[in-house]
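In: sequence? don't have it. structure:
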């Protein structure tokens, strides 16, 4: 059959309808919908595995810092600690330094985390200047842990304490 033998098209049929959903566009929509659903089905469990329990709040552990007779109530005492802690899905040995002092002569104690709030370096107590100094980036804190100067964005973390059986405990 040649072109001349074909019947003439009606006038509404010789124009292409741009708004009509064609086969190619329909198949593209189906392909990307199935791909997206498949990616979510695989990606959601994978993301949960990678994140682990990092968004779940952990209850603090009480760490014994020492007997009250070993701590000088008139000085800032550095106490190193070591404990087993759960890090997402594995158990690790956590170590650190804390500073304990008594504002009222030994009746109660304040315990500060020794990690600088800038990058986590362990601060050092400078008794001659009556402040904590971060050796990494020149951050300085008061005896109560407030920022004096430098890059630290927040004060040193103050820990919950208790005195039990003539020993000082801190909640890490």
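Out: Received, thanks. None of these values were measured; they are calculated from a predicted model.
In: how's the chain carved up into domains?
Out: Listed by automatic domain parsing, the domain ranges of the chain are 20-51, 62-171.
In: And the strands in the chain, which stretches?
Out: 62-67, 77-87, 90-101, 110-113, 124-126, 131-133, 140-141, 147-149, 158-164, 167-171 (DSSP state E).
In: For residue 5, which of the domains of the chain is the nearest?
Out: Each of the domains of the chain has some distance to residue 5 by CB to CB; the shortest is domain 20-51, at 27.8 Å. C-beta here means a position set from N, CA and C on the backbone, and glycine is covered the same way.
In: Present the strands of the chain as JSON lines; the columns should include mean neighbour count and distance to residue 39.
Out: Formatted as JSON lines, the strands of the chain follow (neighbours: other CB atoms under 10 Å; distance: least, CB to CB, whole Å):
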{"stretch": "strand 62-67", "mean neighbour count": "16", "distance to residue 39": "44"}
{"stretch": "strand 77-87", "mean neighbour count": "14", "distance to residue 39": "29"}
{"stretch": "strand 90-101", "mean neighbour count": "15", "distance to residue 39": "29"}
{"stretch": "strand 110-113", "mean neighbour count": "21", "distance to residue 39": "41"}
{"stretch": "strand 124-126", "mean neighbour count": "15", "distance to residue 39": "50"}
{"stretch": "strand 131-133", "mean neighbour count": "20", "distance to residue 39": "49"}
{"stretch": "strand 140-141", "mean neighbour count": "20", "distance to residue 39": "47"}
{"stretch": "strand 147-149", "mean neighbour count": "14", "distance to residue 39": "45"}
{"stretch": "strand 158-164", "mean neighbour count": "14", "distance to residue 39": "44"}
{"stretch": "strand 167-171", "mean neighbour count": "19", "distance to residue 39": "42"}
